[in-house]
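A.B. asks: any chance you could fold what I've pasted below:
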Amino acid sequence: MRKSMIAAGLAVTTVLSAGPAWAGPARTRIAVHFDLAGGQMPENIVLSPDGTAYVTFAGARQVAAIGRDGTVRILATLPAPADGVGAPVLGFALTTGIVRRPDGTLYFLYASGDVGTTGLYRLRPGGSPQRVAALPADGLPNGLAFDEDGRTFYITDSVHGTISAVRQSGGPATVWSSAPELASTGFLGVNGIKVRDGAVWATNLDQGTLLRIPVRHGGPAKVEVRATGLTGIDDFTITPDGTVIAALVGQNTVAAIDRAGRATTLLTAADGLQNPTSVAVRGATAYVTSAGYLTGQDPNLILTTLRFAAPSGRD
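C.D. replies: Next comes the predicted model:
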C-alpha cells in the first residue's frame with residue numbers, strides 16, 4: 001500500500017481547538033474488523049435505508065455491502081491495471097468515493113492510473129460495474145457527491161486540485177472548479193466532497209481546510225474557507241443541524257466542526273480508530289471507516305452514538 005509514501009504525505013502535528021457545537025460520542029464500538037492482508041482498507045462509505053453500509057475497499061479495488069449483522073459481501077472487483085501502473089502519488093490502484101441512488105444503484109470512482117479504466121462507475125443491483133465517464137489517468141479521482149437539484153455528480157481530483165462535474169444523463173466529465181484553494185501543497189489536495197443547500201462542500205487534505213463553494217447558475221461562486229488547521233482531513237458528512245463531522249486520517253481522529261470553524265475531537269485511537277477515512281451519519285449514529293493506511297493494522301468500521309448539543313441556526 002506504499003505505506004511509507006502515505007506516511008510522508010500525512011505527517012501532521014496539528015492540535016484541534018475546542019468547539020461547543022457538539023456534545024460528543026456517548027457509546028462507541030468496533031462493529032466490523034476487515035482483512036488488511038486482503039486489501040480491505042475502507043476508503044469511503046454510504047448508507048442505505050435498510051441499514052446496509054456500502055464501502056469501497058481501496059487496496060482490494062472492491063465495492064462491498066456490509067449487513068447490519070456485520071456480514072461483508074463483495075459486490076464488484078475492478079480489474080487490476082498492468083504491472084507498474086497505479087494512481088499517481090500513491091502508486092497503487094484503488095476504489096475511492098461512493099454514492100447510492102434511491103433505486104439502489106451505486107456510483108463509485110476507480111483511480112487505476114490506466115486510461116482505459118480510471119473513471120466514474122455505475123453498479124446496478126445484481127449487475128456488473130460499468131464505466132459511465134472517463135477521468136484523467138494521471139489524476140486521482142477521490143471524493144464523489146451527487147447534486148439532486150442539478151442532477152450532477154461532483155468529483156474531486158486530489159492530484160490535479162480540481163472538482164469535475166458529470167451529468168447524470170451522461171456525457172464527459174468537465175472541470176467545474178480549479179480554484180487555488182483546491183490545490184495540493186505537495187501530497188494530496190481537494191479530497192472529500194458533499195452537496196448541501198445549494199453549495200458544494202469539500203476538504204483539502206494538504207491545506208487542512210473545510211471549503212464551501214456556492215453553486216451559481218450551475219457554476220462555482222467564490223470559494224469560502226469555513227475551517228482551517230485540519231491538516232490531514234479526509235472525507236466528512238454534514239448532519240441535519242449543519243455540523244460537519246470529519247475524518248482526519250493523518251491525525252487519527254474524528255472531529256465535529258461548527259459553523260464558526262471550531263473543531264471538537266470526538267474519537268481518537270483510544271476508540272479504535274486506525275486512520276479514519278470517511279464518516280456517515282444516520283440519526284444519532286455515526287459510522288466511521290478506518291483504513292489502517294499508516295498504522296498497518298485492524299482496518300475497521302466503528303459505530304458511535306452521538307450526543308447532540310443545543311441546536312444552532314442553519315447556514
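
A.B. asks: who's in contact with the most centrally placed residue in the chain?
C.D. replies: In the chain, the centroid-proximal residue (CA atoms, centre = their mean) is D235; its distance is 3.5 Å. Residues near D235 by CB atoms under 8 Å, 6 or more residues apart in numbering: 44, 97, 143, 191-193, 203, 246-247, 277-279. The C-beta positions use only the backbone N, C-alpha and C, and glycine is treated the same way.

A.B. asks: relative to T152, how far out is it?
C.D. replies: Distance, D235 to T152, by CB to CB, to the nearest Å: 19 Å.

A.B. asks: now do the helices in the chain.
C.D. replies: Ranges of helices within the chain are 3-10, based on DSSP state H.

A.B. asks: any low-confidence regions in it?
C.D. replies: Scanning the chain for pLDDT under 70 picks out 1-26, 308-315.

A.B. asks: look up the closest residue to H33, ignoring the ones flanking it.
C.D. replies: Leaving aside its chain neighbours, H33 sits nearest to N300 (5.2 Å; criterion: CB to CB, 6 or more residues apart in numbering).

A.B. asks: so what pairs up with the one you found in the strands?
C.D. replies: Taking DSSP bridges, one obtains H33, S290 as the residues bridged to N300.

A.B. asks: assess the claim that it and F34 are in contact.
C.D. replies: Yes - at 6.2 Å, N300 counts as touching F34 under the criterion of CB atoms under 8 Å.

A.B. asks: please identify which of the two sits among more neighbours.
C.D. replies: Using other CB atoms under 10 Å, the more surrounded residue of N300 and F34 is F34, with 25 against 22.

A.B. asks: so who does that one touch?
C.D. replies: Contacts of F34 (CB under 8 Å, 6+ apart): 40-42, 57, 72, 299-301.

A.B. asks: V166 pairs with what?
C.D. replies: Here V166, judged by DSSP bridges, has bridge partners F153.

A.B. asks: who touches it in this structure?
C.D. replies: Per CB under 8 Å, 6+ apart, neighbours of V166: 120, 132-133, 152-153, 155, 172-174.

A.B. asks: cutoff 10 Å now
C.D. replies: Taking CB atoms under 10 Å, 6 or more residues apart in numbering as the contact definition, V166 lies against 107, 119-120, 132-135, 144, 146, 152-155, 172-174, 176.

A.B. asks: and those residues, which are buried?
C.D. replies: The neighbour-count test (16 or more other CB atoms under 10 Å) marks 107, 119-120, 132-133, 135, 144, 146, 152-155, 173, 176 as buried among the contacts of V166.

A.B. asks: okay, strands next: where are they in the stretch 1-150 of the chain?
C.D. replies: Taking DSSP state E, counting those that start in this stretch, the strands of the stretch 1-150 of the chain run over residues 22-33, 42-47, 53-57, 62-66, 72-77, 94-100, 106-111, 119-123, 130-134, 141-147.

A.B. asks: just the CA coordinates for the last one, please, in PDB.
C.D. replies: Provided in PDB are the C-alpha atoms of strand 141-147 (Å, rounded to 0.1, in the frame of the first residue of the first chain):
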ATOM      1  CA  PRO A 141     -10.400  10.800  -8.600                       C
ATOM      2  CA  ASN A 142     -11.200  10.700  -4.900                       C
ATOM      3  CA  GLY A 143     -14.400  12.200  -3.500                       C
ATOM      4  CA  LEU A 144     -17.800  11.800  -5.100                       C
ATOM      5  CA  ALA A 145     -21.100  13.600  -4.400                       C
ATOM      6  CA  PHE A 146     -24.400  13.900  -6.200                       C
ATOM      7  CA  ASP A 147     -26.500  17.100  -6.500                       C
END
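
A.B. asks: distance between it and the chain's centre?
C.D. replies: Strand 141-147 sits 8 Å away from the centroid of its parent chain (CA atoms, centre = their mean, to the nearest Å).

A.B. asks: partner strands of that strand and their direction?
C.D. replies: Next to strand 141-147 in the sheet, as set by DSSP bridges, lie strand 152-157 (antiparallel).

A.B. asks: now the fifth one
C.D. replies: Take DSSP bridges as the rule and strand 72-77 pairs in its sheet with strand 62-66 (antiparallel).

A.B. asks: and the contacts of the strand it pairs with?
C.D. replies: By CB under 10 Å, 6+ apart, strand 62-66 touches 31-32, 34, 38-40, 42, 44-45, 47-48, 51-57, 71-78, 94-95, 98, 106, 108, 110, 121, 123, 129, 287, 289, 301.

A.B. asks: follow-up on the earlier one: out of the contacts of D235, which is nearest to T209?
C.D. replies: Taking CB to CB as the measure, T209 lies nearest T203 of the contacts of D235, at 6.9 Å.

A.B. asks: quick one: the closest one from M41, how far?
C.D. replies: Computed as CB to CB, the T203 to M41 distance reads 19 Å.

A.B. asks: one more: A80?
C.D. replies: 16 Å.

A.B. asks: could you export the contacts of F34 as JSON lines, including distance to A221?
C.D. replies: Shown next, in JSON lines, are the contacts of F34 (distance: CB to CB, whole Å):
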{"residue": "Q40", "distance to A221": "39"}
{"residue": "M41", "distance to A221": "35"}
{"residue": "P42", "distance to A221": "33"}
{"residue": "F57", "distance to A221": "36"}
{"residue": "V72", "distance to A221": "41"}
{"residue": "P299", "distance to A221": "38"}
{"residue": "N300", "distance to A221": "39"}
{"residue": "L301", "distance to A221": "36"}
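
A.B. asks: thanks again, I'm all set now.
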